[in-house]
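Participant: next come a sequence and a model predicted from it.
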Amino acid sequence: MGTAVASVGEWLTTTDHKRIGRLYLGAGAVGFLLAAVLAVLVGAERIATGGKLVDADALTQLFALERFGFTYLALAPLVLGAALAVVPLQLGARSLAFPRLAAAGFWLWLIGAVLAVYSIIGNGGPNGGNARFVELFILATMLVLAGLLAGAVCLTTSILTTRAPGMNMRRLPMFSWSVLVACLAALISLPVVAGDLLFTYVANRFQAAQNLLSGSQAIGEWAGFGFSQPTTLLFIIPVFGFFAETVATASGMRQPSRGVLFTGIGLIGLVSLATVVQSPITLRPAFLDLGLGDLLADLLPFGLVHGLPLLGALLAFALIVKPLSARPRNVRKQVMAPVAFGLLAALLALLAVAASAAAHIGDAALLGTTFEEGNWLAVGFAGVLAAMGAVTYWAPKWWGRSLSNATLPLALLAFLGAGLAALPLMVAGFADQPGAVFAAVGSDADAIVNFDYGGPASLWNTLSTIGLALATLSVLGFIVVAARSVATGQQVADDPWNGQTLEWVAESPAAADNFAVVHTVASAEPALDLRVSDRGAR
Amino acid sequence: MIELPAAPLPAPRRQVFVGTAVVCAAAISLLGGMLALYLRLRDQAIDTDGVWLPDGVSIPMVPANVMLIAMLPIGVFAQWAVYSAKRGDRVHTATALGLVALLAVAVINAQANIYVRMNVPAVGGTFNTMFYSLTGVVMALFIAGVVFTSVTAFRYLGGRTADREIVSAHALYWYFLSFALAMLWFVIYVTK
């Protein structure tokens, strides 16, 4: 009993980055299940015939909880958790920079998350009817953002200051680089969302007529961009870094054209500029008929915040898969599950970046439709799949045991579900099915509830709901597999995958201070160097 | 376990300084975003109603200008603290940090004076909300700055004279605050 209490106490007060990361991962998994169940419920509501499943008064809260939950209770913590748990190991550092700040960030995030859910349930949140709970939601969301930003500050500082001797920026592991880009994008974007939320909080706290910032609908109106694309894309930048790591490990080859790959991943970070503008950057309708001046006036900002990130994502994807396509038979089978997670997550991420750009083309008339919702689901599941892959790949470093091979079919099932969830909603968007970041039942979003979901729309919504259920079940299955691995999984060697980066030099599971000695590195693949020199010596 | 050659302990890479810079960058983003929305809604209000400031509200420029001017000596004193700390001069370091704190409190006092003289009710229109939010955020950053100065002073005077990095980070934070206040001064008090 005493040991159990001590163990709980250790977890609650931990400053070990691996434990903080795992706390985020665990809490993110719970957040995902909550949001996913609500998403299935919303989907079922859309396809329900002859009577509604959910009371119309509760629909507004359901939409809000689904959107908030999926973005900030699942996607963000899962990606941040994986990054916190791995990056210092990859850097060859003995600890994270400012570990107490990272721990405080987790607890801030958790308290904010619980309060936000509570406030939405209490008829607060975006478009909520209870003024006090609306205020509570705004404050709670700011706490959530503060927690995430604390994590981003720690990771950024770690990457800039705690690299092993010899590890210059060009030798940074690809996952750490992608985390750095994502953190910088978050540090640019999320404070803007927080600032707008602060305005709405003050306006609601001291409510008066003729205040453009007051009312529960103001949350979606002024800060809604923080819950939609392109802002949410910043959370999936590490997906490409994770994919690059697994492919390099699986192929046993050094990553070619690292500089170009760095550039590709860096370009995706430009999505943060779209957030700073705080309004959609679009190509206006009848774009091709415009004169040269107007054409350029639209094309330049669009190209900067949508075109270049898309180009970066395509470039990164093409370069990462190159070793696989060049020597497909060389891919080692024991690394198949992490590679599959990486590939499928990267495909979803690519779809998400492309769809975000497409949604902002005026002639397509996709803004305000469910295309955005499908796009958002693709973003969410890209992050979730990458987090599942990260657990599969790095579990030996976290708890010294491997996950069973059952994760490979789960990856395929989750991808199938995610595709089914996202794509039909995108198609429905082309058919003008209305959507909103935060749907408000009873006002302008009446169309969302009263939309005729019969005919082809019925098929798209049914497929999407089935996909959501499938993806949720596969994630649930993965959680069970991961939990069994923690308890009874097979113990593995320090470097079960023949990895290339420094974390594979540490023992499994990694000690609290990561490395017994500080290592000197001479290339981007120090563990690979060591194996090559060992073979040469023999 | 495979072993790479052990390296000597790496030289410290100014973790507190870099961390402070990262936080300052995020805070600039926060303020920049808020000021951008302020300007947007201000333009919108002027286009539709022709006015932005509520009736009877005038901005006292003297304390606003004093706030901005005070940032110049704050920057000088913060750098003086760095200079003195590098030379191990505890007396001058303490004096410089004390002056920074004193002037920072004076700036906060000037902002309070502006609140009193403007007499803008918190319950009101869009301007009221944005005015108090923006100035409130900057004042919160100033209060954090005073705390930072106190922590720096206590650490340094407590005997950790080798820890000069925190004094440099402290100076960086005050340079950032000078920039933040300049942005606020121009947008809120000059552009109105």
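Facilitator: Noted; the coordinates are in hand.

Participant: which stretches of the stretch 251-400 of chain A have low pLDDT?
Facilitator: Counting by pLDDT under 70, the ranges of the stretch 251-400 of chain A that qualify are A:327-333.

Participant: er, chain B I mean
Facilitator: Applying pLDDT under 70 to chain B flags the ranges B:1-12.

Participant: chain B contacts on the stretch 351-500 of chain A?
Facilitator: Residues of the stretch 351-500 of chain A lying near chain B by C-beta under 8 Å from any C-beta of the partner chain: A:Asp494, A:Asp495. Just so you know, the C-beta spots here come from the backbone N, C-alpha and C atoms, and that holds for glycine as well.

Participant: the residue of the stretch 351-500 of chain A found nearest chain B: neighbouring residues, count only.
Facilitator: For the stretch 351-500 of chain A, the residue closest to chain B is A:Asp494, as judged by C-beta to the nearest C-beta, at 4.9 Å. When neighbours are counted by other C-beta atoms under 10 Å in any protein chain shown, A:Asp494 registers 19.

Participant: please settle this for me: is it part of a helix?
Facilitator: No: looking at A:Asp494 with DSSP: H, G, I helix; E, B strand; the rest coil, it is coil, so not inside a helix.

Participant: for it, give its distance to A:Ala527.
Facilitator: If you measure A:Asp494 against A:Ala527 using C-beta to C-beta, to the nearest Å, the figure is 10 Å.

Participant: and A:Pro456, by the same measure?
Facilitator: For A:Pro456, the distance to A:Ala527 equals 53 Å [C-beta to C-beta].

Participant: do the same with B:Val151
Facilitator: 40 Å.

Participant: more neighbours: which of these two?
Facilitator: For the pair B:Val151 and A:Ala527, the greater number of neighbours falls to A:Ala527 (23 against 12), based on other C-beta under 10 Å.

Participant: correct me if wrong: the more buried one contacts A:Trp497.
Facilitator: No: under the criterion of C-beta atoms under 8 Å, A:Ala527 is not in contact with A:Trp497, lying 9.9 Å apart.

Participant: which residues are in contact with both of these two?
Facilitator: Residues touching both A:Ala527 and A:Trp497 (C-beta atoms under 8 Å, 6 or more residues apart in numbering or on different chains) are A:Trp504.

Participant: need the next SSE after the least confident helix or strand in chain A by mean pLDDT, C-terminal direction.
Facilitator: In chain A, no helix or strand scores lower on mean pLDDT, DSSP states H and E than helix A:446-450, which sits at a mean of 60. The first helix or strand that comes after helix A:446-450 along the chain, using DSSP states H and E, is helix A:456-488.

Participant: mind listing what's buried along that next one?
Facilitator: Buried residues in helix A:456-488, counted by 16 or more other C-beta atoms under 10 Å in any protein chain shown: A:457, A:460-475, A:477-479, A:481-482, A:485.

Participant: biggest helix in chain B by residues?
Facilitator: Counting by DSSP state H, the longest helix found in chain B is helix B:15-49.

Participant: ok, it near chain A or not?
Facilitator: Yes: Helix B:15-49 lies within reach of chain A by C-beta under 8 Å from any C-beta, at B:15, B:18-19, B:22-23, B:25-27, B:29-34, B:36-37, B:40-41, B:44.

Participant: what about A:Ala208, which helix or strand?
Facilitator: Taking DSSP H and E as the definition, one finds A:Ala208 inside no helix or strand.

Participant: show me what contacts it?
Facilitator: By C-beta under 8 Å, 6+ apart, A:Ala208 lies in contact with A:Ser214, B:Val123, B:Gly124, B:Gly125, B:Asn128.

Participant: same deal with A:Leu149?
Facilitator: Counting by C-beta under 8 Å, 6+ apart, A:Leu149 has contacts A:Gly105, A:Ala186, A:Leu187, A:Leu190, A:Pro191, A:Ala194, B:Ala26.

Participant: ditto for A:Ala6
Facilitator: By C-beta under 8 Å, 6+ apart, the contact list for A:Ala6 is empty.

Participant: swap in A:Val339?
Facilitator: Contacts for A:Val339 (C-beta under 8 Å, 6+ apart) come out as A:Thr246, A:Val247, A:Ala250, A:Leu324, A:Val331.

Participant: recalculate using a threshold of 10 Å.
Facilitator: Taking C-beta atoms under 10 Å, 6 or more residues apart in numbering or on different chains as the contact definition, A:Val339 lies against A:243, A:245-247, A:249-251, A:324, A:331-333, A:389, A:392-393, A:408, A:411.

Participant: I'd say A:Ala39 and A:Val384 touch.
Facilitator: No: the criterion here is C-beta atoms under 10 Å, and A:Ala39 misses it with A:Val384 at 12.0 Å.

Participant: please enumerate the strands of chain B.
Facilitator: Taking DSSP state E, chain B contains no strands at all.

Participant: run a quick neighbour tally on A:Ala337.
Facilitator: Neighbourhood size, A:Ala337 [other C-beta under 10 Å]: 24.

Participant: same question, A:Val492
Facilitator: Number of residues near A:Val492 (other C-beta under 10 Å) recorded here: 16.

Participant: overlap in contacts, A:Ala39 and A:Val384.
Facilitator: A:Phe32, A:Phe70, A:Ala471, A:Thr472.
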